[in-house]
Every structure is written in C-alpha cells, then in structure tokens.
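J.: Any chance you can model this:
(one chain, ligands or ions: 1)
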Amino acid sequence: MKIAEGVATLELTMSFSGTPSVIHPTLVWDETNVLLFDTGTPGQSKPIREEIERLGIDIARLDKVVLTHQDIDHLGSMPKLREELPQTLEVFAHAEDKPSIEGEKPILKMSMLRQSPRFDTLPESFRTIVEHVLASPPVSKVDTLLADGEKLPYCGGITTIHTPGHTPGHLSFYLHASKVLIAGDALMAADGKLIGPNESATPDMPLALASLRKLLPYDIETVVCYHGGVVTGAAADIRSRLEELAG
Ligand SMILES: [Zn+2]
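T.: Residues are numbered from 1 along each chain as shown. Here you go, the predicted structure:
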C-alpha cells in the first residue's frame, strides 16, 4: 500500500506461529535508491519480490536492505533475497543485533522461547519450526552498522533511532521527506490506533517504553507498525499518544 511519495508498505501474511497475521515490511525509494526495511519470515522472498513489482518498481533496483532487528519475522527472507537477486545488496543493522543476524549467536527470542517452560505447551508444528530455526538459522552478513542518530543520505534523509527493549539492537527510522516513522516492533497498531510493544515478545519492557521517548522530538504524521500496519494523524496527536504509551 502506497502511503506517501516513495514510501509503501508490503503486505505479507505470516502464519508460522499458528494464527495467520499480516506483517508490513516498508519500501522506500527515489530515482537513485530503493530500500527495503525488513524481509518477512523464511520463505517469503517470492511474495516480497511480487509486492515490489506490483508497486511498479523494478526489483533489479533494490540495492539496500535495512533490518530493524534480529527477529525471525524480520530477518527471515534476507538470505534468500541475497541469494536470488543478481545485484549486490547492502544490508544494514545495529551492532547489538549483528551477532544474531550473522549466526554467531542464536536468535535471542527463539532461544529464550526454547528454554522457557512455556515451550512444551506450544503446538508441535510451531515447536518444530523453533527447533529448525535454532539449528539452521537464516544467517545474513551485515555490511553496514547503524548507530543512534545517524542520518542516511537516501530518499530525502532517513534518521536512525536506536529503540532497544524489544531486542538490544532494535532500530526505528524517521523519513524526513514524508514524516513517516518506520517503528519496526517498537510500537504495534490495532484498529488504526497505536499501542505499545508486544509484551510477550519484549524481554525488556521498561527499556522498550523508555525508547518511545526518543521518538518525541520528531514531527511524525504516519507510523508504520510491522504488526498492525499504518497509523496516520496530526503530528500533535501522534506525539501525545507516544507520551501516553511511554508513561
Ligand atoms: Zn516482529
């Protein structure tokens, strides 16, 4: 869904943990660059390519992939995209999530889930997936590290905001040209309204809520939540909702 000039969400259906839900990677482009933020679950490189083509953008122009964090539903199809596309892709992430993305460390949430007493109560099909992901994770080299406050010189300027809590290296991004915030999993949306991060998937909730304060200085008119989709409104309303959620 196109949400601003040179900004669109891709709608992908995620069903690997049982109940199907829609996830929203974001595509950002201009005449020079095409950037994809997050890559769905394993096995979604085809729908990603199709969604990009459906927006009228030649997949051969995709040159940068930004991972908001290491979770399997964000990193999932990165290795396949790198393998299947002939062009060189530059992959960006934060230093604190890099070891899990590169396979040096297990994917944090998967390994926490595997060790929790809750694991044995999960449906067998999901347990099999978790075991499989831990045994052979989707590994991708990170080419370029992003730090808090760093401004990427692409598509009118994109500021990196380190928003840890959901994972240690979680990143959100502010697109200056369109006033869009790509929230990753720092925020979720339900019925067009912003809600806080998913508590059951956020190991450090106090830190995740404190991270929301870092979004307040930005003039945000649209928020893309990976889970829950797009929220739009007056910047003042979005700011006051963020203040409310941050507590
Ligand atoms: Zn997620």
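J.: what helix or strand does residue 174 sit in?
T.: Taking DSSP states H and E as the criterion, residue 174 maps to strand 171-175.
J.: typed the wrong thing, it's residue 113
T.: Assigned by DSSP H and E, residue 113 belongs to helix 108-115.
J.: Show me what the helix or strand that comes right after that helix is packed against.
T.: On the C-terminal side of helix 108-115, the closest following helix or strand by DSSP H and E is helix 124-135. Secondary-structure packing of helix 124-135 (3 or more CB pairs under 8 Å, 6 or more residues apart in numbering; DSSP states H and E): helix 108-115. For every residue, glycine as well, the C-beta is placed using N, CA and C.
J.: could you check the distance from the closest residue to residue 145 other than its chain neighbours over to the ion?
T.: Nearest residue to residue 145, sequence neighbours excluded (CB to CB, 6 or more residues apart in numbering): residue 95, at 5.0 Å. Going from residue 95 to the ion by CB to the ion, to the nearest Å gives 20 Å.
J.: In contact with residue 95, which residues are there?
T.: When contacts are counted by CB atoms under 8 Å, 6 or more residues apart in numbering, residue 95 touches 145, 147, 169.
J.: looking at this, residue 3 is in a strand?
T.: Yes: the assignment for residue 3 is a strand, going by DSSP: H, G, I helix; E, B strand; the rest coil.
J.: pretty sure it is touching residue 224, no?
T.: Yes: counting by CB atoms under 8 Å, residue 224 is a contact partner of residue 3 at 7.2 Å.
J.: okay, the two: which has more neighbours?
T.: Neighbour count, other CB atoms under 10 Å: between residue 3 and residue 224, residue 224 has more, with 27 against 16.
J.: Just the pLDDT for that one.
T.: Looking at residue 224, its pLDDT reads 98.
J.: For the helix or strand in which it is found, which strands pair with it and how are they oriented?
T.: Using DSSP H and E, residue 224 sits in strand 222-225. Note on strand 222-225: by DSSP bridges, its sheet partners are strand 180-184 (parallel), strand 229-232 (antiparallel).
J.: for those, which one sits closest to residue 129?
T.: Residue 129 sits nearest to strand 180-184 of all the strands paired with strand 222-225, at 21.7 Å, using CB to CB.
J.: Tell me which helix or strand comes right after that closest one.
T.: The first helix or strand that comes after strand 180-184 along the chain, using DSSP H and E, is strand 188-190.
J.: List the buried residues of that next one.
T.: Buried residues in strand 188-190, counted by 16 or more other CB atoms under 10 Å: 188, 189.
J.: Contacts for that strand next, please.
T.: If you take CB under 8 Å, 6+ apart as the criterion, strand 188-190 is touched by 194, 195, 196, 197, 198, 223, 225, 227, 228, 229, 230, 231.
J.: That strand and the ion, are they touching?
T.: No: counting by CB under 5 Å from the ion, no contacts exist between strand 188-190 and the ion, the nearest distance being 8.9 Å.
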